[in-house]
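Chemist: Here you go, sequence then predicted model.
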Amino acid sequence: MGYEYELMARFARSMDLRLEIVVVNGLEKAFESLNSGEGDIIAFNLTVTRERKKLVAFTHHHSLQHQVLVQRKPEGWRKLKRHELEQSLIRDPIDLIGKEVTVRKNSAFVSRLHNLSDELGDDIVIIEDYEEVQTEELIRKVNDGDIDFTVADENIAKVSATYLPDIDVKTPISFSQQIAWAVRLSSPDLLESTNQWIEKMKKNSDYYVIYKKYYNNPKKSVIRATSEYSSISGSKLSPYDDMIKKGAEQLEWDWLLLASQMYQESKFNSDAVSWAGAKGLMQLMPPTAEQYGVKDAFNPSQNFTGGVKHIKWLQNLWQDKVKDPDERLKFILASYNIGQGHILDARRLAVKYGENPEVWEDSVEKYLLKKSDPKYYKDPIVKSGYCRGLEPVKYVREILERYQQYQQVESL
């Protein structure tokens, strides 16, 4: 998946070539791998700079981006008036003088901050994190209060802001910059072919559909359920209440909890299809649907039955691993969302670092979030590799919050 991947896959098909992805950590390694012949194109959110032009040949840009400041909103920001919130945030880059800004080593953000310091006539304190750190990881550190500021390309920052509402990404610190692919300086024919394809692709509606899919309409924060939503027939949460109640009996769950999970998955839309290919009310991926005998994933009854069977399987998996039933529920929900392998990895990391593997919040949850950091996902005890932990953490939290709201509505 991914914006760059989908474009590159289309380019490879247009050339009748097989696409092979080589994953490397850090831009310096990417340039080395390209120039040594391990790969032919760097397809990354790569900013064109003069220094980099000495190392590689850049294609025509496929998008234009600003660099933006990522900062944390003040505590209690939701209660502030708009002008009060604006006054609490940095909107003029001159206010960065003397402030510490943490960015990835050897990134375009470093050179931009140096140039900005020159433009301001005073120093911004630039902290260079290790080269392999992901921009999303630094954004999360801002959100968590571990660092005060970082810099990100606007597209990446906006996507992260949909998962982390406590960050602000509205302050630009650069003019538009070209985002492009890179080839070896010794590959003029490949450069020409790639440029021709990019220019043709940018005139095609597919290009804009792909860009919008990943950046203009990232997965939105799920709207909290309200009593207004419960107004179907005066007392129903969804058209599937009776079916949900029967499934909840099998799981020994409150039916409102299962309803909250279904809403999180599909908003009660039996025709829902995620960008990852999950389908139906319980958003079953094709292998999962096949495993539980679901022949028509858009059939509400079949899909729901498959989802309940999978939850039952996860209940059995976690039964002896997490004793407290309230804690166990969080492990079950997270496993449903991201897969049990990543949750088991996070448990192993929790044990290694002296945390309780049977507690979700501030323990296993914390190490699931850290699985986007190479220090953790490359640990030999980690079996399932990299994981963007923000979504399953958000998934568990919002299902349980909505469940409480459903209970309140039900009691009215």
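Modeler: Sure, I can see it.

Chemist: show me the contacts for the residue most central in space within the chain.
Modeler: Taking C-alpha atoms, centre = their mean, the centroid of the chain lies closest to residue 388, which sits 5.6 Å from it. Neighbouring residues of residue 388 by C-beta atoms under 8 Å, 6 or more residues apart in numbering: 136, 372. All C-beta atoms are positioned from the backbone trio N, CA, C, and that covers glycine.

Chemist: which secondary structure element contains it?
Modeler: According to DSSP states H and E, residue 388 maps onto no helix or strand at all.

Chemist: and it, how far is that from residue 371?
Modeler: In this view, residue 388 and residue 371 are 8 Å apart by C-beta to C-beta, to the nearest Å.

Chemist: next one: residue 108
Modeler: To residue 371, residue 108 is 26 Å away according to C-beta to C-beta.

Chemist: same check, this time on residue 133
Modeler: Noted for residue 133: a distance of 14 Å to residue 371, by C-beta to C-beta.

Chemist: Please apply the same query to residue 364.
Modeler: Residue 364 is 11 Å from residue 371, where distance means C-beta to C-beta.

Chemist: List the buried residues for the longest helix seen in the chain?
Modeler: If you go by DSSP state H, the chain has its longest helix at helix 390-410. Within helix 390-410, the residues that count as buried by 16 or more other C-beta atoms under 10 Å are 390, 392-396, 398-400, 402-403, 405-406, 409.

Chemist: now, which of the residues you listed sits nearest residue 41?
Modeler: Nearest to residue 41 among those: residue 390, at 28.8 Å, using C-beta to C-beta.

Chemist: where's the nearest residue to the closest one once chain neighbours are set aside relative to residue 69, distance?
Modeler: Leaving aside its sequence neighbours, residue 390 sits nearest to residue 163 (C-beta to C-beta, 6 or more residues apart in numbering; 4.6 Å). For residue 163, the distance to residue 69 equals 18 Å [C-beta to C-beta].

Chemist: likewise residue 243?
Modeler: Taking C-beta to C-beta, one finds residue 243 at 48 Å from residue 69.

Chemist: the more surrounded of these two?
Modeler: residue 69 (24 against 19; other C-beta atoms under 10 Å).

Chemist: Does that one touch residue 92 like I think?
Modeler: No: between residue 69 and residue 92 there is no contact under C-beta atoms under 8 Å: 10.5 Å.

Chemist: my guess is residue 180 contacts residue 64, does it?
Modeler: No: using C-beta under 8 Å, residue 180 is not in contact with residue 64; the gap is 10.1 Å.

Chemist: Now do the helices for the stretch 301-412 of the chain: every range, in order, please.
Modeler: Secondary structure of the stretch 301-412 of the chain, counting by DSSP state H, counting those that start in this stretch: helices at 325-338, 340-352, 365-369, 374-377, 390-410.

Chemist: would a markdown table of those helices with mean pLDDT and distance to residue 300 be doable?
Modeler: As requested, the helices of the stretch 301-412 of the chain are arranged in a markdown table below (pLDDT from 0 to 100; distance: least, C-beta to C-beta, whole Å):
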| stretch | mean pLDDT | distance to residue 300 |
| --- | --- | --- |
| helix 325-338 | 97 | 18 |
| helix 340-352 | 97 | 26 |
| helix 365-369 | 95 | 31 |
| helix 374-377 | 93 | 37 |
| helix 390-410 | 86 | 20 |
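
Chemist: Make JSON lines out of these and add distance to residue 188.
Modeler: Below are the helices of the stretch 301-412 of the chain laid out as JSON lines (distance: least, C-beta to C-beta, whole Å):
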{"stretch": "helix 325-338", "distance to residue 188": "44"}
{"stretch": "helix 340-352", "distance to residue 188": "43"}
{"stretch": "helix 365-369", "distance to residue 188": "44"}
{"stretch": "helix 374-377", "distance to residue 188": "34"}
{"stretch": "helix 390-410", "distance to residue 188": "42"}
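
Chemist: between residue 180 and residue 64, who's got more neighbours?
Modeler: Neighbours per residue, other C-beta under 10 Å: of residue 180 and residue 64, the larger number sits with residue 180, 24 against 11.

Chemist: Mind listing residues that contact the host helix or strand of residue 246?
Modeler: According to DSSP H and E, residue 246 maps onto helix 241-251. The contact list for helix 241-251, computed with C-beta under 8 Å, 6+ apart, reads 238, 254-255, 257-259, 262, 300-301, 304-305, 307-308, 311-312, 315.
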